[in-house]
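> here are the coordinates; sequence isn't available:
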């Protein structure tokens, strides 16, 4: 014998039926806090701020990056012969 019972209810109704607490206020508070933190830190990961933080410690780093890209493009051999 096989018996199937199908219950049509929302998650909130199911939690109330089983006596579980309503966690929606906590979820809302956590999501608001996460959004505030993300918005506060979003400028730290912008391309401009990343490049600025990479190149502030040594002005020659930009020159080294340029040399590296020229070498990767296969033009490094010609640039070195000219010098």
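Sure, I can see it. Just so you know, these numbers come straight off a predicted model, no measurement behind them.
> for the protein, which helix is longest?
Taking DSSP state H as the criterion, the chain has its longest helix at helix 24-41.
> Other residues contacting that helix?
For helix 24-41, the external contacting residues (CB atoms under 8 Å, 6 or more residues apart in numbering) are residue 12. Backbone N, C-alpha and C define where each C-beta goes, glycine included.
> Can you list the helices and strands that the helix or strand following it packs against?
Per DSSP states H and E, helix 24-41 leads on to helix 47-55 as the next helix or strand towards the C-terminus. Using 3 or more CB pairs under 8 Å, 6 or more residues apart in numbering; DSSP states H and E as the contact criterion, the elements in contact with helix 47-55 are helix 61-72.
> show me where pLDDT drops low in the protein?
Applying pLDDT under 70 to the chain flags residues 54-59, 75-83.
> how does it look with 50?
For the chain, the stretches flagged by pLDDT under 50 are 79, 83.
> State the distance from residue 7 to residue 21.
According to CB to CB, to the nearest Å, residue 7 stands 20 Å off from residue 21.
> what do you get for residue 32?
Distance of residue 32 to residue 21, given as CB to CB: 19 Å.
> cool, and residue 62?
Look at residue 62 and residue 21: by CB to CB, they are 56 Å apart.
> higher neighbour count, these two?
Taking other CB atoms under 10 Å, residue 62 and residue 21 do not tie; residue 62 has more neighbours (12 against 9).
> And the more buried one, how close does it get to residue 72?
Here the criterion is CB to CB. By it, residue 62 lies 16 Å from residue 72.
> same check, this time on residue 38
34 Å.
> same check, this time on residue 14
According to CB to CB, residue 14 and residue 72 sit 57 Å apart.
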